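Asker: Predicted coordinates and the sequence they were generated for:
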Amino acid sequence: MVGDSTVAAGGERRPGRFLSALVLRRWALRRWALWRLPRRGQVWYLVGIDALAVAAVVLAALRFPPGAAMLTPFALLAAGMLVSAELARPVERHREETLLGPGVDTPWIFAGVLVLRPGLAVALVVLSALHQWFRVRRKPVHRQVFGAAATALAGLVAGAFLTATGVRPLGEVLGTRTVLLLTLAGLVFLAVNAALVTGADGPRRPREAAAGYAFDAAMTAFGLPLAWAAAAAPLLVPVLAGATVVLHRGGLGGGRRDHVTLDPGTGVLTAASWRGAAEARLDRPGGAGPAVLLLDLDHFRLLNDRYGARIGDAVLRAVAGTLRDEVRAADLVGRSGGEEFAVLLPGTGAFDAMAIAERIRLRIASTLVALKASGDGPQFVGVTVSIGVAGCSPGLLDEALLAAEQALLRAKAAGRNRTVCAEPDVSSS
């Protein structure tokens, strides 16, 4: 039978060799999602940052080996980070992505930068990444590793800044100079991480990223009292940890119920709310695997520049309304970017998902938005859409989104206004 492993002499089955072959095939380098990224420069950038982080951590750990006296504050920070991260997990799973990947772990990591030697500080970064992978949400491996590498490099640079300035911030009264230098160290930590992430993903729109910047800055600032408490007043660490969780859950959780769940411009789910709902849907046992659609409006920026933001917003609302009309009540529709939408179709195979995507594409192409009456020019404006389709398995939402994004890029490259499936032999236009 196909898949059985046999020896030539006697035809005896060797299940051990069969299982080993499966493992090797699964983890073969050529199957990693990293190599399927559309831009080769991005691939080597991610690999280069990962390699630089490993080299920098090894050199820093050898140059500044941790002492036994630092094990107690390390254990205190590690325990506090993991407990607070677990308590904040329901909110973290639905939080919008920001430049600093650790999220609620950020104050603990920055506190480690201030009070620990580099090796132990980076160990907090690794613990945070592992907790996110196993307990919060799984990104593609290359993104998870890159996020940890960027945070580790940012911490090392901030620590080098403190060493170069001779700051001894803890266990004593903080002077004005010390406070200023600690603030600058926090800014260095934020700036280096932001620069590394921007190098991989490109710049974000300031208006859309402002809330994320504020969140990262607030989490980093909270690392200052945590660092002081870990070194000088350990009994305050649980108090500060509880305050972190309460503020985090209250600010992001409570506010989300009022105005973040639905995108105010289109009435569909925000990116974070869509992801949280999609992950919750994928966690349900049984049923056929869902499909994911990624939609991007063709030449939307040209339309926006020509007719203005008011007409552009009206087009987005019309597209969102079309999406809601064309899918079932159980399907999830969200806005994943400026002119991008995402749809989760539970219990839908690739063939049916392609049919649904085609129906959506044709319906959007026939959707028109009225312009002001004028003596010349069109009285209505419309837009077309390119769609990427991919199947999805439980726990592999990010892999499905990556596959759908690659299919979407192929649809764009093939001329736009078409639907492409992640399977290379299934496409329609």
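Answerer: Noted; the coordinates are in hand.

Asker: Double-check residue 131 against residue 84; I have them as touching.
Answerer: No: Residue 131 is beyond contact range of residue 84, at 10.5 Å (criterion: Cβ atoms under 8 Å). Bear in mind the C-beta positions are built from the backbone N, C-alpha and C, glycine included.

Asker: more crowded one of those two?
Answerer: residue 84 (22 against 18; other Cβ atoms under 10 Å).

Asker: neighbouring contacts of the helix or strand where that one lies?
Answerer: Here residue 84 sits within helix 71-87, counting by DSSP states H and E. By Cβ atoms under 8 Å, 6 or more residues apart in numbering, the surrounding residues in contact with helix 71-87 are 66, 92, 104-105, 108-109, 111-112, 115-116, 120, 123-124, 127-128, 131, 135-136, 226, 230-231, 234, 237-238, 240-242, 244-245, 249.

Asker: if I pick residue 400, what's in contact with it?
Answerer: 292, 390-393.

Asker: Could you rerun that using 6 Å?
Answerer: By Cβ atoms under 6 Å, 6 or more residues apart in numbering, the contact list for residue 400 reads 292, 390, 392.

Asker: Considering those residues, which is situated nearest to residue 265?
Answerer: Taking Cβ to Cβ as the measure, residue 292 is the one of those closest to residue 265, at 22.2 Å.

Asker: following the helix or strand hosting the closest one, which helix or strand shows up next?
Answerer: Element membership for residue 292 (DSSP H and E) is strand 291-297. The helix or strand immediately downstream of strand 291-297 is helix 300-307, counting by DSSP H and E.

Asker: could you give the mean pLDDT of stretch 155-167?
Answerer: Across stretch 155-167, the average pLDDT comes to 90.

Asker: Which residues belonging to it are considered buried?
Answerer: Residues of stretch 155-167 classed as buried by neighbour count (16 or more other Cβ atoms under 10 Å): 155-159, 161-162, 167.

Asker: what's in contact with that stretch?
Answerer: Here stretch 155-167 has contacts from 56, 60, 113, 118, 121, 178, 181, 185, 188-189, 192, using Cβ under 6 Å, 6+ apart.

Asker: just the helices in the stretch 301-429 of the chain please.
Answerer: Chain-ordered helices for the stretch 301-429 of the chain, with DSSP state H, counting those that start in this stretch as the definition, fall at 309-326, 350-365, 397-413.

Asker: Export the ones you listed to a markdown table and append columns for distance to residue 217 and mean pLDDT.
Answerer: As requested, the helices of the stretch 301-429 of the chain are arranged in a markdown table below (distance: least, Cβ to Cβ, whole Å; pLDDT from 0 to 100):
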| stretch | distance to residue 217 | mean pLDDT |
| --- | --- | --- |
| helix 309-326 | 29 | 89 |
| helix 350-365 | 39 | 91 |
| helix 397-413 | 26 | 90 |
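
Asker: can you put these in JSON lines and add distance to residue 80?
Answerer: Below are these laid out as JSON lines (distance: least, Cβ to Cβ, whole Å):
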{"stretch": "helix 309-326", "distance to residue 80": "42"}
{"stretch": "helix 350-365", "distance to residue 80": "44"}
{"stretch": "helix 397-413", "distance to residue 80": "28"}
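
Asker: out of the ones you listed, nearest to residue 151?
Answerer: helix 397-413 (18.5 Å).

Asker: and that closest one, how far out from the chain's middle?
Answerer: Centroid separation between helix 397-413 and its chain, computed with Cα atoms, centre = their mean, to the nearest Å, is 15 Å.

Asker: Next, the angle from it to strand 291-297.
Answerer: Orientation of helix 397-413 against strand 291-297 (axes from the mean of the first three to the mean of the last three Cα atoms, to 10 degrees) gives an angle of 40 degrees.

Asker: What are the buried residues along helix 397-413?
Answerer: 397-412.

Asker: Just the angle for that helix relative to helix 350-365, thanks.
Answerer: Put simply, helix 397-413 runs at 50 degrees to helix 350-365, going by the same axes, to 10 degrees.

Asker: From residue 53, how far out is the nearest residue to residue 49 once chain neighbours are set aside?
Answerer: Sequence neighbours aside, residue 149 is the residue nearest to residue 49 in space, at 5.3 Å (criterion: Cβ to Cβ, 6 or more residues apart in numbering). From residue 149 over to residue 53 the distance is 4 Å, taken as Cβ to Cβ, to the nearest Å.

Asker: again, but for residue 299
Answerer: 39 Å.
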